[in-house]
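*Asks:* what follows is a predicted protein model with its sequence.
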Amino acid sequence: MATTEGMKRGGFYDDHSEYQRRVAASGDDLVRAAVERIPPPGPGATYVIADYGASTGRNSVGSLRTAVDAVRAIDADRPICAIHNDLPTNDWNTLFANLTADEGSYLHAAGPTVVPLASAVSFFEPATPARTVHLGMSFSAAHWLREQPDVTVPEGFYSCEATGKVREALARQAADDWTTFLTARAADLAPGGRMIVQMVGTDTTTSPGDPLVTARALLRAMAEVAGEMAHDGVLDPAAVESYLLPVYARTIDEIRAPFSRAPVEAELTLETASVDRVANPYLDKLHEDHDAVAYAKAYAAFVRGFTESSLREHLFTPGTRSGTPDQAIDDFFARLQERFAADPERDAFEDWTATMVAARR
Ligand SMILES: C[S@@+](CC[C@H](N)C(=O)[O-])C[C@H]1O[C@@H](n2cnc3c(N)ncnc32)[C@H](O)[C@@H]1O
């Protein structure tokens, strides 16, 4: 079973994912540069673009439009198909509604209609017809682990808080998943095709002390709020102790590792890999308008958009001791929001986005 059923449905994720939108937009130049290097298919043949972990699509719309415009700048009449990949439980109706409604969508690009297709399988397996994808992209998705880790991290909700053998087991699981993801993309890509991945990362280069891990302060705040709810009798303390968000923030070395060994080495060449800070749009707004209440509301909704499915399945359904899981989830996000408003800088989301581009041999 996948570790999430997808992002919060009905447009909630789209309305509260400004941060992910900034991350995807930061990849636009890489998209254009990749299109220039990818050998195009023969005259009149279809150019295939795939977006892995597309969710409900409002953010993908921007990146796919950038790719479509870059392809059409080279060949104005090129037939193109866009494959949106996500889990079968994704809110596909919202994705296709967004594609039609959004004025920036590739459906409104000049030239022959770009054909939208859905690939409703896990990205840990081949997800398109074999060797057909010219440009693959994945934004803010490949950090989700394939399975819920079978370990307990009493120190917190996040793999980076684990120590000793548990930490090693989590790093091994993430490494295996990364190799599996890349092997599956090698199966999808056409020869000479390119894959661009952006995901949460860890910067090990700038400080002598602790590495800088995306979302660490947030996950610490979430664990503390859940701890308070256990203290108040709303949650089972054992469930709080055993909950782990199944997301892993890779370092540059962890991203590079599979490219120098079988099976990835024979199929993909790593072209670029970096970890770069992406500024927090919620904090930027707070620094302009000094509205801590609005900041806290926006930040809590952003967190709810991508964590609710995992929290429901692995914390609130097994762990709620008073009221219903739905009430406990509302209570959790209300407490989190209150905490953000009381001291906006303390738990601010900090992002070090990991980016890599690989070429199919
Ligand atoms: C934070 S959203 C990112 C959505 C979009 N790419 C963006 O930039 O806004 C992560 C997406 O990855 C998807 N995802 C997680 N695990 C997956 C898997 N194994 N296979 C396919 N999609 C997966 C989730 O369902 C979710 O829609």
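*Replies:* Perfect, thanks for sending it.
*Asks:* can you pull up the residues of this structure that come close to the ligand?
*Replies:* Taking Cβ under 6 Å from any ligand atom as the contact definition, the chain meets the ligand at 2, 4, 6-7, 17, 20, 24, 53-55, 59-60, 85-87, 90, 122-124, 139-141, 144, 306. All C-beta spots, glycine's among them, are computed from the backbone N, C-alpha and C.
*Asks:* any residues touching the helix or strand hosting A82, and which ones?
*Replies:* Following DSSP states H and E, one finds A82 within strand 80-85. With Cβ atoms under 8 Å, 6 or more residues apart in numbering as the test, strand 80-85 has contacts from 46-54, 57, 60, 64, 68, 71-72, 95, 106, 112, 114-121, 123, 127-128, 133.
*Asks:* helix or strand right after that strand?
*Replies:* Read in the C-terminal direction, the helix or strand following strand 80-85 is helix 92-101, with elements assigned using DSSP H and E.
*Asks:* picking that back up, among the contacts of strand 80-85, which ones are in helices?
*Replies:* Counting by DSSP state H, the part of these found in helices is 60, 64, 68, 71-72, 95.
*Asks:* out of those residues, which two are the most distant from each other?
*Replies:* Distances among those were taken as Cβ to Cβ; the most separated pair is R72 and L95, at 22.3 Å.
*Asks:* mean confidence (pLDDT) on the longest helix along the chain, please.
*Replies:* As assigned by DSSP H, the longest helix anywhere in the chain is helix 164-188. What helix 164-188 shows for mean pLDDT is 98.
*Asks:* and the next element down the chain from it?
*Replies:* strand 189-200.
*Asks:* does anything pack onto the next helix-or-strand element following that following strand? Which helices or strands?
*Replies:* The helix or strand immediately downstream of strand 189-200 is strand 202-203, counting by DSSP H and E. Applying 3 or more Cβ pairs under 8 Å, 6 or more residues apart in numbering; DSSP states H and E, one finds that strand 202-203 contacts strand 212-213, strand 268-278, strand 351-360.
*Asks:* pick the most deeply packed of these.
*Replies:* Highest mean neighbour count among the helices and strands packed on strand 202-203 (mean count of other Cβ atoms under 10 Å): strand 351-360, with a mean of 23.
*Asks:* how far does that strand sit from its chain's centre?
*Replies:* 12 Å (Cα atoms, centre = their mean, to the nearest Å).
*Asks:* and P237, what's its pLDDT?
*Replies:* 97.
*Asks:* tell me who's in contact with it.
*Replies:* P237 neighbours (Cβ under 8 Å, 6+ apart): A230.
*Asks:* quick check: the residue of the stretch 251-361 of the chain nearest the ligand.
*Replies:* F306 (4.7 Å; Cβ to the nearest ligand atom).
*Asks:* tell me if I am right that that residue is in a helix.
*Replies:* Yes: F306 sits within a helix when classified using DSSP: H, G, I helix; E, B strand; the rest coil.
*Asks:* phi, psi for T163 please.
*Replies:* phi -130, psi 170 (degrees, to the nearest 10).
*Asks:* ok, how many other residues are close to it?
*Replies:* 10 (other Cβ atoms under 10 Å).
*Asks:* ok, it to the ligand distance?
*Replies:* For T163, the distance to the ligand (Cβ to the nearest ligand atom, to the nearest Å) stands at 26 Å.
*Asks:* who touches the nearest residue to that residue once chain neighbours are set aside in this structure?
*Replies:* Nearest non-adjacent residue to T163, counting by Cβ to Cβ, 6 or more residues apart in numbering: E155, 6.9 Å away. E155 makes contact with 161-163, according to Cβ under 8 Å, 6+ apart.
*Asks:* with distance to D150 added, can I get those in JSON lines?
*Replies:* Output for the contacts of E155, formatted as JSON lines (distance: Cβ to Cβ, whole Å):
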{"residue": "E161", "distance to D150": "17"}
{"residue": "A162", "distance to D150": "13"}
{"residue": "T163", "distance to D150": "17"}
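*Asks:* from those residues, which is closest to P191?
*Replies:* Closest to P191, out of all of these and judged by Cβ to Cβ, is A162, at 40.0 Å.
*Asks:* which residues touch the closest one?
*Replies:* Applying Cβ under 8 Å, 6+ apart, the residues contacting A162 are 151, 153, 155, 170.
*Asks:* recalculate using a threshold of 6 Å.
*Replies:* Neighbouring residues of A162 by Cβ atoms under 6 Å, 6 or more residues apart in numbering: 153, 170.
*Asks:* ok, it to P318 distance?
*Replies:* Separation of A162 from P318 (Cβ to Cβ, to the nearest Å): 21 Å.
*Asks:* what's the answer for G233, then?
*Replies:* Distance from G233 to P318, by Cβ to Cβ: 16 Å.
*Asks:* A70 too?
*Replies:* Taking Cβ to Cβ, one finds A70 at 47 Å from P318.
*Asks:* so the two - more neighbours on which side?
*Replies:* Neighbours per residue, other Cβ under 10 Å: of A70 and P318, the larger number sits with A70, 19 against 15.
*Asks:* which residue comes closest to that one once chain neighbours are left out?
*Replies:* Nearest to A70 is V35, by Cβ to Cβ, 6+ apart, at 3.8 Å.
*Asks:* list the contacts for the closest residue to the ligand within the stretch 151-300 of the chain?
*Replies:* In the stretch 151-300 of the chain, the residue that lies nearest the ligand is Q198 (8.0 Å; Cβ to the nearest ligand atom). Counting by Cβ under 6 Å, 6+ apart, Q198 touches 23, 27, 139, 353, 355.
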